[in-house]
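Undergrad: Take a look and give me a structure for this.
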Amino acid sequence: MSVSVIEVENLSKRYLIGHQRDARDALRHRLEAALRHPFKWLLNRRRQSQASREEFWALKDISFDVKQGDVVGIIGRNGAGKSTLLKILSRITEPTSGRICMDGRVASLLEVGTGFHQELTGRENIFLNGAILGMSKAEISRKFDEIVAFSEIEKFLDTPVKRYSSGMYVRLAFAVAAHLEPEILIVDEVLAVGDTEFQKKCLGKMSEVSRCGRTVLFVSHNMAAVRALCRTGVLLEAGRVIACDSIEAVAAMYMNRAAERISSPSVQLSKPRGGSDVWIESVHLLCDGQPGAKLEFGQELSLAVVFRAATPIQKPMIGYLIRSSRGENVVNANNNFLPSPGYAESVTEGTIICNLGALPLMAGSYSVSFWLGRNPEDQHYAEDILHFEVLEKDIWGNGKLPTRSLSCFWWPTEFEFSPNCLEVPLFNDISKPVAA
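TA: Numbering: from 1, shown residues only. Model (predicted):
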């Protein structure tokens, strides 16, 4: 029987959110009120202080256990409390209430560059970061070559990390954390920064860690990666545990709840914070030219994006990503590489229609993400904001339907048959039988 290495009981975390006072409440007026009516001013100040703070519970009474050697995927929407939970488990943040019992050495990779000194080189930061994670100097020296080989940044090892890209940060940080050989490895969404090849490498390393009897907590919005790596899942929503079960059951519940929240073919968006120069105002699903979130197999699909820009723009950079209910990336396209001229004149608002045609998607549920911007970078990213369903349809009229379990696509391939063995020049060199 497996032993619990992490026990979380009634864990809660509360933050006090401050609200900015009215700008008209200038220093001169406050001093004047304090001098004229000091006792009244003190009373009002106390009331204003209480009114200007609001309680926010990032986590509320959550409980779950993690067994030794288990690989647990913690999933949920942005703001569900995933990162707060990992910071508490990593002993970075203190909980407001509740109890945590952890048995074993913990290594965590929560944010890009955590524990790195900007002025030190990559070589020096391996020793620094390893020491922060609890490794001795002798242990770091023994594993130094393995860490460098895994990170694949040997060429820049003696370069100050302040000149590293975010991807290089992640490579080095994960390499150090993974070779710590901890009993518990905690990894947040930071792997999304790395390229696809390195992500596969990291997932393989985490799988190797779990096979050695160590425990892994993994947070990611990539459901395909979570399903491939994890055996157990914990679903968080608004700071509470909604489900704790097998990863297949939890991931399916997460995707279904997301689809239920956004069942409309149109979604209105607000301008993102941070002074974006161009942003998405609304997005719409069109099935055979009509608004709708359900289309039959073989129908044409279009995506309409209404945008606004702070300054005139001629060719907005637009892209979309369609995911399956299992979190797999199915279709991904953008107009960055197309020769389309954009608008004849610069505009500050407009609509972009993405015509996908009759996509041969299998029956099932899908989500759509969008990003919009102007060169050289994207400025507004809206993840999984539209959901649609493809319904089965016998478009061939023979009563047969493609099997959805094989793939997300049924590609319209043409098959030709010939009664003769054709002479194909390309295969002349391999036409002779090969000796066993």
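
Undergrad: use CA for all of it now, contacts and neighbours both
TA: OK.

Undergrad: in the protein, which spans are helices?
TA: 27-36, 38-51, 82-89, 122-132, 137-151, 166-178, 196-211, 223-229, 247-261 (DSSP state H).

Undergrad: need the ones you listed in TSV with mean neighbour count, mean pLDDT and distance to residue 317, can you?
TA: As requested, these are exported to TSV (neighbours: other Cα atoms under 10 Å; pLDDT from 0 to 100; distance: least, Cα to Cα, whole Å):
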stretch	mean neighbour count	mean pLDDT	distance to residue 317
helix 27-36	12	62	46
helix 38-51	12	63	43
helix 82-89	20	88	31
helix 122-132	20	85	35
helix 137-151	16	87	33
helix 166-178	23	79	23
helix 196-211	16	76	23
helix 223-229	20	78	26
helix 247-261	18	76	27
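
Undergrad: Would you map the strands across the stretch 201-350 of the chain?
TA: For the stretch 201-350 of the chain, the strands defined by DSSP state E, counting those that start in this stretch cover 215-219, 232-237, 240-246, 266-268, 278-287, 290-291, 294-296, 301-313, 317-324, 329-334, 347-357.

Undergrad: Can you say which of those strands is packed in most?
TA: For the strands of the stretch 201-350 of the chain, the largest average neighbour count (mean count of other Cα atoms under 10 Å) is found in strand 215-219, namely a mean of 26.

Undergrad: Okay, angle between it and helix 196-211 too, please.
TA: Strand 215-219 and helix 196-211 are oriented at 150 degrees to each other (axes from the mean of the first three to the mean of the last three Cα atoms, to 10 degrees).

Undergrad: Okay, angle between strand 215-219 and helix 82-89 too, please.
TA: If you take the same axes, to 10 degrees, strand 215-219 sits at 150 degrees to helix 82-89.

Undergrad: Point out the other helices and strands that strand 215-219 packs with.
TA: strand 71-75, strand 184-187, helix 196-211 (3 or more Cα pairs under 8 Å, 6 or more residues apart in numbering; DSSP states H and E).

Undergrad: how about JSON lines for those, with distance to residue 352 added?
TA: As requested, the helices and strands packed on strand 215-219 are exported to JSON lines (distance: least, Cα to Cα, whole Å):
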{"stretch": "strand 71-75", "distance to residue 352": "32"}
{"stretch": "strand 184-187", "distance to residue 352": "38"}
{"stretch": "helix 196-211", "distance to residue 352": "29"}
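
Undergrad: Between the ones you listed, which one is closest to residue 109.
TA: Set against residue 109 and scored by Cα to Cα, the helices and strands packed on strand 215-219 come closest in strand 184-187, at 4.9 Å.

Undergrad: Can you tell me how far the most centrally placed residue in the chain is from residue 118?
TA: The chain has residue 221 as the residue nearest its centroid, 3.6 Å off, counting by Cα atoms, centre = their mean. Going from residue 221 to residue 118 by Cα to Cα, to the nearest Å gives 29 Å.

Undergrad: So the residue nearest to the centre of the chain is in contact with residue 73, correct?
TA: No: Residue 221 lies out of contact with residue 73 (Cα atoms under 8 Å); the separation is 9.9 Å.

Undergrad: Pull out the buried residues from stretch 338-347.
TA: Neighbour-count burial for stretch 338-347, counted by 16 or more other Cα atoms under 10 Å, picks out residue 347.

Undergrad: Kindly check the end-to-end length of that stretch for me.
TA: Stretch 338-347 has its terminal residues 20 Å apart, counting by Cα to Cα.

Undergrad: Strictly from the record, what residue spans define the domains of this protein?
TA: Per automatic domain parsing, the structural domains of the chain span 13-57, 61-259, 266-391.

Undergrad: quick one on the thing from earlier: can you tell me, leaving aside adjacent residues, what's nearest to the residue nearest to the centre of the chain?
TA: residue 75 (6.8 Å; Cα to Cα, 6 or more residues apart in numbering).

Undergrad: partner residues bridging the one you found?
TA: Assessed by DSSP bridges, residue 75 has beta-bridge partners residue 235.

Undergrad: so who does it touch?
TA: Going by Cα atoms under 8 Å, 6 or more residues apart in numbering, residue 75 touches 82, 219, 220, 221, 233, 234, 235, 236, 251, 254.

Undergrad: The residues you listed: which two are farthest apart?
TA: Top of the distance list for the contacts of residue 75 (Cα to Cα): 82 and 251, 14.9 Å.

Undergrad: Residue 88 contacts residue 98, correct?
TA: No: Residue 88 lies out of contact with residue 98 (Cα under 8 Å); the separation is 11.0 Å.

Undergrad: What's the separation between residue 339 and residue 315?
TA: From residue 339 to residue 315 the distance is 11 Å (Cα to Cα).

Undergrad: again with residue 212
TA: 52 Å.

Undergrad: Between the two, point out the one with more neighbours.
TA: For the pair residue 212 and residue 315, the greater number of neighbours falls to residue 315 (19 against 12), based on other Cα atoms under 10 Å.
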